[in-house]
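>>> Pasting the sequence and the predicted coordinates here, then a few questions.
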Amino acid sequence: MASTPAITLFGAAGEVTGSCTLIECSAGRVLVDFGLFQGNIAEEWRNADPPALDFEHIDAVIVTHAHVDHCGRLGMLPRLGFRGPIICTEPTSRLLPRVLRGSASLQAARLIEFRNGTAPVARVIDPPPDPEVQQRLTRTIEPPVIYDHADAEGASSLISPLEYDVWRDLRPGLRVRLHDASHVLGSASVEIEMPGGHGAPVRRVLCTGDLGPRSQSVLRPRTTPPAVDVVVMESTNGSKKFGPVAEIEELLGAVLDRAANSGARVLMPTFSVGRAQQLLHRLARLRARGRLHGLPVYVDSPMAVFASELHQKFPALLAEPLRQEAENGGAPLHFAELHYLYSRRQSLKIQRGVRSAIILAGSGFCDAGPILHHLAGAIEDPTTEIVLTGHQIDGTLGHGLSGEARRVLINDEQLHVRAKRTRLEGLSGHADQAELLEWLSSMSPVPGLVVLNHGSEKSRAALTPLVREQCGAEVLSPRLAAPLPV
């Protein structure tokens, strides 16, 4: 174990996936997150090559939240020899087993589909895709299977919930506590207290995980960060500034107005945990203003359904007035026009038999899942509305639809894109540049060192001088697997 405390990024170093941070000191070693790399085939294969760590001697794995780029490799831990606790909040502990089982099922399905030649196809063909980008997304060898259902169950058995703001001792001199990050339900920033090197005083490090925006309307505001010596801070939106939430709702409201007038479908490619709940809340708010127009809303994702229903079980974590509604026995993300779909049969029935409706379906990148048959059945209809939210990986169908795609290939069909497309730029689960700086400035005192992770090099570069100028902190952007003494 290191005599001087050190931080090493084994993922999310100049990128936005694969979060994995090792904190080590003379008292022990803690791993914060163990997430999947995502984006293309090469990134997928990076997941099969775990960090060169002695997992048997890691004291705990702390999970900030249940997004796969932060937790998706947890299923590998049993085979790697890890037997310690996987510490997270109670809501995250409810989500993680489902996420891990779903990931194991998806890995197995992808392997079968590759061998049978039945893998889903979803790409833009006009304008022609960049050959280099297309090559990165084209699978020529079998996909890796990094863990199975038994591994997922083994990892789930190690999950150990911890309440917010409560210290947990891991070893003498080494302890952790969690702070609400208001990114998704149960998300946390991780504070680690440990001995300083060579007889120095106690050191405290705070790993932010993903910080939610100030305008997060589903969850309560994130808490004021504690005073620490070092912050490992996400920088996803370090180069972006978003407009007021009212502008986003007005843009969405205009889509619903058009759909109601034309009797059209509104298709929303959706991420299950976080984004789906934000969209449902926005739809509920528009309904209260008479702008849902009686359109039925279908959630075509069992995981999104589970995550949405979980919110009412943790009312203290919700924003007002959702908290009051949940505490009074209500379902704060439910309304009369909302319907849940649990099977492919139900999904296909809606796709074939219901014209005028709002459909939230996975996946958010439009690279697989039920959104593909919904798009195939409606993308050539000029009255169809496609609403895209959040980051889209370059080369995916979602990225193309958010741009200038005119013709697409979905499985065996070449389709002309005649549907209207709307991009909701500000509907992010991450704090923007101004909010990151505001959050950091609220610390008293501001830490002397800020380590930027979970952001592109562009985002880290944009944020670095602002942190130095406005907060007076030193800023570092470490390379992958390069230990940083702190």
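Nice, I can see it.

>>> quick check: domain ranges of this protein?
6-240+430-485, 245-424 (automatic domain parsing).

>>> Next, format those domains as CSV and append mean pLDDT.
Converted to CSV, the domains of the chain look like this (pLDDT from 0 to 100):
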stretch, mean pLDDT
domain 6-240+430-485, 95
domain 245-424, 95
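
>>> In CSV: those, plus mean neighbour count.
(Glycine included, C-beta is placed from N, CA and C.) What follows is the domains of the chain, written out as CSV (neighbours: other Cβ atoms under 10 Å):
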stretch, mean neighbour count
domain 6-240+430-485, 19
domain 245-424, 19
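
>>> which ones are touching the closest residue to E234 other than its chain neighbours?
Nearest residue to E234 in three dimensions, chain neighbours excluded: H454, at 4.0 Å (Cβ to Cβ, 6 or more residues apart in numbering). Contacts of H454 were listed using Cβ atoms under 8 Å, 6 or more residues apart in numbering, and they are 12, 15-16, 19, 210, 234-236.

>>> Go again with 6 Å.
12, 16, 19, 234, 236 (Cβ atoms under 6 Å, 6 or more residues apart in numbering).

>>> Pick out the most distant pair among those.
S19 and T236 (10.7 Å; Cβ to Cβ).

>>> ok, L267 touching H373?
No - counting by Cβ atoms under 6 Å, H373 is not a contact partner of L267; they are 10.7 Å apart.

>>> Not counting its neighbours along the chain, what's nearest the residue nearest the centre of the chain?
Per Cα atoms, centre = their mean, the C-alpha nearest to the average position across the chain is that of H67, at 4.3 Å. Closest residue to H67 apart from its sequence neighbours, by Cβ to Cβ, 6+ apart: V273 at 6.3 Å.

>>> ok, the one you found touching G186?
No - at 9.4 Å, V273 does not count as touching G186 under the criterion of Cβ under 6 Å.

>>> W439: which element?
Element membership for W439, per DSSP states H and E: helix 433-441.

>>> Do a quick rundown of the helices in the stretch 101-250 of the chain.
All helices of the stretch 101-250 of the chain, identified by DSSP state H, counting those that start in this stretch, fall at 131-137, 149-156, 245-262.

>>> Dump those helices to a markdown table, plus distance to H281.
What follows is the helices of the stretch 101-250 of the chain, written out as a markdown table (distance: least, Cβ to Cβ, whole Å):
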| stretch | distance to H281 |
| --- | --- |
| helix 131-137 | 33 |
| helix 149-156 | 29 |
| helix 245-262 | 10 |
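
>>> To P97, which of these lies closest?
Per Cβ to Cβ, nearest to P97 of the helices of the stretch 101-250 of the chain: helix 149-156, 4.1 Å.

>>> for the closest one, packing partners?
helix 77-80, helix 90-116 (3 or more Cβ pairs under 6 Å, 6 or more residues apart in numbering; DSSP states H and E).

>>> wait, which of the ones you listed is closest to S343?
Once those are compared by Cβ to Cβ, helix 90-116 is nearest, at 14.6 Å.

>>> Could you check how far stretch 82-95 is from the centre of its chain?
17 Å (Cα atoms, centre = their mean, to the nearest Å).

>>> picking that back up, what is in contact with V273 and G186 at once?
Joint contacts of V273 and G186 (Cβ under 6 Å, 6+ apart) do not exist.

>>> follow-up on the earlier one: could you dump the contacts of H454 to TSV with distance to T4?
Formatted as TSV, these follow (distance: Cβ to Cβ, whole Å):
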residue	distance to T4
A12	23
V16	29
S19	24
E234	25
T236	29
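
>>> ok, so of these, who is nearest V133?
Using Cβ to Cβ, those come closest to V133 at V16, 16.9 Å.

>>> Return the residues in contact with the closest one.
Contacts of V16 (Cβ under 6 Å, 6+ apart): 236, 454.

>>> Now L463: which helix or strand?
helix 457-471.

>>> which residues sit against that helix?
14, 235, 238-239, 437, 440-441, 446, 450, 452, 473, 475, 477.

>>> same deal with stretch 139-149?
The contact list for stretch 139-149, computed with Cβ under 6 Å, 6+ apart, reads 41, 45, 47-48, 75-76, 104, 107, 110-111, 114.

>>> And that stretch, end to end?
Using Cα to Cα, to the nearest Å, the span of stretch 139-149 from its first residue to its last is 24 Å.

>>> Quick check: the residue nearest to E234 vs V205, distance?
15 Å (Cβ to Cβ, to the nearest Å).

>>> ok, which stretches of the stretch 301-450 of the chain are strands?
338-341, 357-361, 385-389, 407-410, 413-416, 420-424, 449-453 (DSSP state E, counting those that start in this stretch).
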